[in-house]
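Asker: just need the structure, nothing else, for what follows:
(one chain, ligands or ions: 2)
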Amino acid sequence: MLDYVTDKPDSHRVQDEKRQGEAFAPFANDPNAYRKRFYIESYGCQMNFADSEIVASILNKEGFGATRNVEEADLIFINTCSIREKAEQTVRKRLTEFRKLKEQKKGMLVGVLGCMAERLKSKFLEEEKLVDIVVGPDAYRTLPGLVEEAEGGQKAVNVLLSREETYADIAPVRLDSNGVSAFVSIMRGCNNMCSFCVVPFTRGRERSRDAESIVHECRELFNNGYREVTLLGQNVDSYYYQAPSSPQGEAVTFANLLEIVALISPLLRVRFSTSHPKDITDEVLHTMAKYENICKYIHLPVQSGSTRVLQLMNRTYTREWYMAKVNRIREIIPDCGISSDIIAGFCTEEEQDHKDTLDVMEYSKYDFSYMFFYSERPGTLAQKRYKDDVPENVKKRRLQEIVEVQNRLSLLSNKNDIGKIFKVLIEGDSKRNEKEWKGRNSQNKVIVFPKENYELKKGDFVEVKVDDCTQATLLGKIIGR
Ligand code: 5AD
Ligand code: SF4
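Answerer: Residues are numbered from 1 along each chain as shown. Ligands and ions are numbered 1, 2, ... in the order given. Predicted coordinates:
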């Protein structure tokens, strides 16, 4: 069974099930042009997928070419996730498959990147004998040197975390992109210390990337035909950049950054993820309302609806405070889509706490949610302080109830859209039928509609009227451009 559930199969936000284990090879090139070939597979959140694009860029500069065919690779990289135990198990399983390949091909090297590398450090080399290279999320610049060391027969490890590294100057190689939407990392790490979360330990302290480099990257994407950027960070609302060259100058806040990126072109849609309810400000909401091209969609993880559990989770807000934030969003941006992350069965959770969670879901009317049962992670505050005391069958039953509420809310939300007209950015053919387009509205809902005889292409905006829906998708017809 999956350790998480989403009612939104098409989402491209966190742990997109479809993208897990995705392998990349963007370069259509002469196979002789490269001294070595690498294969990279990514797991986990969008941040990891964005990091793989930075890794590809670093390796490419050193004369390594990407391949989608693992058997052809000299170097295999697996960019890993530690957020839940299941994610780590998936990686372990995949590594045993790589073992077979390695036995067949002399000189093939296997590298582990990302959060699991950071969490386990050199222990990885003891536990998984086939691994040659272990690199944490802040050490990717040293990869070429580490590869060289490993080629010389040594095991190579760099898991140093940094207070500064943002890879600001590295132009990511867009891997397996649809050419329309791209992710742009704006900050790294997290200082929040939610008690269940391993991220502050695997990705280190929070730091914001140079605003100018972000805007430059977004502008380049736009000039290359992209029509949507998603600004990524563990907690984007605490973005804050003060240029070291002008310490007296004005700092850039997240609201400022949103505005600057939105001003690149009205034809460039701007999204962001993830927001922490404690940090999202009115200024951000007003900026969203002001610019048509800033998408009206906020991922606002609640995690639990019980104030007592929220406190144990160290989320620093109460249930009432969260609900007031939802009200504020609806007040300033009436048509805003809202989604959430929810954890079932956190330490000490009682039936009443669980009911409070279901109740917050109903109140917030989430358009969709990512739903998990609690998985204790070594080294986290919760693991040190509390007992993981909710039995597994209870966790699963509560998760199931959460999923059922969300399914109902999602369907209701989609039904409410029937008859409405949305501006849709075309992302490509629909999965099932090449005579249909698939795109998204501002609220991040997927819309599928017949191409008919319109002269349209990927990356175009089109007006679509919704005439039907499923729980996960809106269905409609083009009514104009
Ligand atoms: N167990 C279950 N879910 C978790 N998440 C983070 N840590 C855990 C954990 N230990 C979920 C949170 C977070 C999302 C990315 O993953 O809901 O928002
Ligand atoms: Fe983890 Fe909380 Fe930071 Fe999100 S905000 S990465 S849940 S510590």
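
Asker: can you list the residues of the stretch 301-450 of the chain near ligand 1?
Answerer: 301, 303, 341, 343, 372, 374-375, 377 (C-beta under 6 Å from any ligand atom). (Each C-beta comes from the backbone N, C-alpha and C, glycine too.)

Asker: biggest helix in this structure by residues?
Answerer: helix 392-416 (DSSP state H).

Asker: how about the strands in the stretch 201-350 of the chain?
Answerer: Taking DSSP state E, counting those that start in this stretch, the strands of the stretch 201-350 of the chain run over residues 207-208, 228-232, 240-241, 252-253, 269-273, 297-299, 337-344.

Asker: could you give the angle of the fifth one to strand 228-232?
Answerer: By that I understand strand 269-273. 20 degrees (axes from the mean of the first three to the mean of the last three C-alpha atoms, to 10 degrees).

Asker: write the PyMOL selection for whichever of the residues of the stretch 301-450 of the chain next to ligand 1 are buried.
Answerer: Burial among those is assessed by 16 or more other C-beta atoms under 10 Å; the matching PyMOL selection reads:
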select buried, resi 301+303+341+343+372+374+375+377
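
Asker: out of the residues of the stretch 301-450 of the chain next to ligand 1, which touch ligand 2?
Answerer: Okay, of those, nothing touches ligand 2 (C-beta under 6 Å from any ligand atom).

Asker: in a markdown table, list the residues of the stretch 301-450 of the chain next to ligand 1 along with pLDDT.
Answerer: As requested, those are exported to a markdown table (pLDDT from 0 to 100):
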| residue | pLDDT |
| --- | --- |
| Pro301 | 98 |
| Gln303 | 98 |
| Asp341 | 98 |
| Ile343 | 98 |
| Phe372 | 97 |
| Tyr374 | 98 |
| Ser375 | 97 |
| Arg377 | 97 |
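
Asker: max pairwise distance over the residues of the stretch 301-450 of the chain next to ligand 1: which two?
Answerer: Across these, the longest distance by C-beta to C-beta is 16.6 Å; it joins Pro301 and Arg377.

Asker: buried residues in the longest helix of the chain?
Answerer: Along helix 392-416, these residues count as buried under the neighbour rule (16+ other C-beta under 10 Å): 394-395, 398-399, 402-403, 405-407, 409-410, 413-414.

Asker: turn these into TSV, including distance to Gly480 and pLDDT.
Answerer: As requested, these are exported to TSV (distance: C-beta to C-beta, whole Å; pLDDT from 0 to 100):
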residue	distance to Gly480	pLDDT
Val394	52	98
Lys395	49	98
Arg398	46	98
Leu399	43	98
Ile402	40	98
Val403	38	98
Val405	37	98
Gln406	33	98
Asn407	33	98
Leu409	31	98
Ser410	28	98
Ser413	25	98
Asn414	22	98
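
Asker: quick check, nearest of the residues you listed to Glu259?
Answerer: Using C-beta to C-beta, Ser413 comes nearest to Glu259 of the buried residues of helix 392-416, at 28.3 Å.

Asker: quick check, the closest one in contact with Met361.
Answerer: No - at 11.8 Å, Ser413 does not count as touching Met361 under the criterion of C-beta atoms under 8 Å.

Asker: now for Glu164: which residues touch it?
Answerer: Arg207 (C-beta atoms under 8 Å, 6 or more residues apart in numbering).

Asker: kindly report the same for the one 5 residues further on.
Answerer: Contact partners of Asp169, counting by C-beta under 8 Å, 6+ apart, are Ser213.

Asker: pick out the most distant pair among the buried residues of helix 392-416.
Answerer: Largest separation among the buried residues of helix 392-416 by C-beta to C-beta: Val394 and Asn414, giving 30.7 Å.

Asker: give me the low-pLDDT residue ranges for the chain?
Answerer: For the chain, the stretches flagged by pLDDT under 70 are 1-18, 24-33.

Asker: which residues touch the residue of the stretch 1-150 of the chain at minimum distance from ligand 2?
Answerer: Per C-beta to the nearest ligand atom, Ile83 is where the stretch 1-150 of the chain lies closest to ligand 2, at 8.1 Å. Taking C-beta under 8 Å, 6+ apart as the contact definition, Ile83 lies against 15, 44-45, 115, 197-199, 377.

Asker: A strand includes it, no?
Answerer: No - looking at Ile83 with DSSP: H, G, I helix; E, B strand; the rest coil, it is coil, so not inside a strand.

Asker: ok, back up a step: the contacts of Ile83 in helices, which ones?
Answerer: Among those, DSSP H puts 115, 199 in helices.

Asker: quick one: the strands in the stretch 1-150 of the chain, in order.
Answerer: 4-6, 22-23, 36-42, 64-66, 75-80, 109-114, 133-135.

Asker: make that the stretch 351-481 of the chain, sorry
Answerer: Remark: strands assigned in the stretch 351-481 of the chain by DSSP E, counting those that start in this stretch are 368-373, 421-429, 436-440, 446-450, 461-469, 474-480.

Asker: could you export the fifth one as PDB, CA atoms only?
Answerer: Put plainly, it is strand 461-469. The C-alpha coordinates for strand 461-469 follow below in PDB (Å, rounded to 0.1, in the frame of the first residue of the first chain):
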ATOM      1  CA  PHE A 461      -4.000  30.000 -23.500                       C
ATOM      2  CA  VAL A 462      -7.600  29.200 -24.300                       C
ATOM      3  CA  GLU A 463     -11.100  29.900 -22.800                       C
ATOM      4  CA  VAL A 464     -12.800  26.700 -21.800                       C
ATOM      5  CA  LYS A 465     -16.400  26.200 -20.500                       C
ATOM      6  CA  VAL A 466     -16.800  23.400 -18.100                       C
ATOM      7  CA  ASP A 467     -19.700  21.100 -18.900                       C
ATOM      8  CA  ASP A 468     -18.900  18.000 -16.800                       C
ATOM      9  CA  CYS A 469     -16.400  16.600 -14.300                       C
END
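
Asker: quick check: buried residues in that strand?
Answerer: 462, 464-466, 469.

Asker: flag every residue of this protein that's near ligand 2.
Answerer: 190, 192-194, 197, 199-200, 234-235, 276.

Asker: pipe the residues you listed into TSV and attach neighbour count and distance to Thr287 per row.
Answerer: Below are those laid out as TSV (neighbours: other C-beta atoms under 10 Å; distance: C-beta to C-beta, whole Å):
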residue	neighbour count	distance to Thr287
Cys190	22	23
Asn192	19	23
Met193	13	28
Cys194	21	26
Cys197	22	28
Val199	23	26
Pro200	19	28
Gln234	21	20
Asn235	20	17
His276	19	17
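
Asker: looking at these, which is nearest Phe98?
Answerer: Val199 (25.6 Å).

Asker: enumerate the residues of the stretch 101-250 of the chain near ligand 1.
Answerer: So far as C-beta under 6 Å from any ligand atom goes, the stretch 101-250 of the chain lies against ligand 1 at 196-197.

Asker: which residues of the stretch 101-250 of the chain fall in helices?
Answerer: Secondary structure of the stretch 101-250 of the chain by DSSP state H, counting those that start in this stretch: the helices cover 115-120, 123-127, 143-151, 199-202, 211-223.

Asker: what helices or strands is the shortest one leaning on?
Answerer: With contacts defined as 3 or more C-beta pairs under 8 Å, 6 or more residues apart in numbering; DSSP states H and E, the secondary structure elements packing on helix 199-202 are helix 115-120.
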